[in-house]
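1. have a look; sequence and predicted model below, questions after that.
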Amino acid sequence: MCGLVGLLAKTPAISEQLGALMRPMLEGMTQRGPDSAGFAIFNQSPDSKAWRINVLAPAADYDWALVSSTLAAKRLGGKVGLHADGRHAIIELSGDPAPVLVCLQEEFPALDVLSTGHAMDIYKDVGLPREVAERYRLDERTGTHAIGHTRMATESEITPRHAHPFVAGPDFCIVHNGSLSNPYSVRKRVERRGIHFDSNNDTESAARFIQWRLAKGDDLGIAINHGLRELDGFYTLLMGDGKSMALVRDPFACKPAVVAETDDYVAIASEFRSLKHLPHINEASIYEPKPERVYVWKV
């Protein structure tokens, strides 16, 4: 059992409050997921030429200055800046991120690379949702849309790497409530295409499959429809990319979800209690998403 939350802003006023509105949504799912929590904030233009690499260190006193000086000395990725906040850091660069990622893997193997892209920042860690939200100052974040997750582990380890959101490509992430019955067959299929996995979590199989379809040229809705034909199990999947947020439930719709839409926002949660604080919620169109229907909301 896990908890999903998502919020897409339709107005600048909601964008400015995005994190403040998301925090009680995330904390409202604590009983569904006390082991770890995470969230993705989309707060940059996906068409930007600048790259952002989100990384997580094993401790808050990590030597970020050494990382910064090493990247500068090697002259990787064009103009590089590193902005650290405790265990988390964002590396901003103007050039190709590939040599920077290789350098991080070779020189700083203790770092977990959380995401690479133009528009998205990822924060995830072990602990109660309240603790993770405080640690990474969720209520201060602004942006166009965000998705979050609280995890109650039923398989695989309880580590930041196994926490959600799962990232499989630039500016794309996924959170999942449920369990897949065929993750290893899906994994084998995409691994044969040379795609690397970072964990043994079943959610990563869904993320890698959908990202593979995106890389083949599908838009998000078409990629998810391919996923519906390949993924077996009981699940609700909530996804985000730089320009949209998407939701799908399995053919039996066993895992709960509720959507609230107004002229100002689209909000999603596993349970209504995470939506009740939202502005004008009493005027929202509230509904339960239908099984096997792909819902996509554009920014």
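-> Perfect, I can see it now.
2. from here on, just use CA atoms for contacts and neighbour counts.
-> Noted.
3. residue ranges for the helices of the protein, please.
-> 12-16, 18-27, 64-74, 98-107, 129-135, 183-191, 202-215, 220-230 (DSSP state H).
4. who's in contact with the fourth one?
-> To tie it back to what came earlier, the one meant is helix 98-107. Helix 98-107 is contacted by residues 71, 76-77, 111 when judged by CA atoms under 8 Å, 6 or more residues apart in numbering.
5. pLDDT averaged over stretch 258-268 - what is it?
-> Stretch 258-268 shows a mean pLDDT of 98.
6. about what we covered before: just give me the closest of the contacts of helix 98-107 to Gly242.
-> Of all these, Gly242 sits closest to Gly77, with 21.6 Å by CA to CA.
7. distance of the closest one from Ala50?
-> According to CA to CA, to the nearest Å, Gly77 and Ala50 sit 10 Å apart.
8. what is in contact with these two at once?
-> Common neighbours of Gly77 and Ala50 are listed as 93-95 (criterion: CA under 8 Å, 6+ apart).
9. need the contact list for Arg141.
-> With contacts defined as CA under 8 Å, 6+ apart, the neighbours of Arg141 are 16-20, 41.
10. neighbour-wise, which of those leads?
-> Neighbour counts for these (other CA atoms under 10 Å) peak at Leu18, which has 26 neighbours.
11. spit out the contact partners of it.
-> Contacts of Leu18 (CA under 8 Å, 6+ apart): 7, 9, 139, 141-146.
12. at 10 Å instead, please
-> Leu18 is in contact with 7-9, 12, 41, 43, 138-146, 265, counting by CA atoms under 10 Å, 6 or more residues apart in numbering.
13. these two touch, right, Lys124 and Val175?
-> No: applying CA atoms under 10 Å, one finds Lys124 not in contact with Val175, separated by 11.7 Å.
14. give me the more crowded residue out of these two.
-> Each of Lys124 and Val175 has its neighbours counted (other CA under 10 Å); Val175 has more, 32 against 29.
15. separation between the more buried one and Val100?
-> Separation of Val175 from Val100 (CA to CA): 27 Å.
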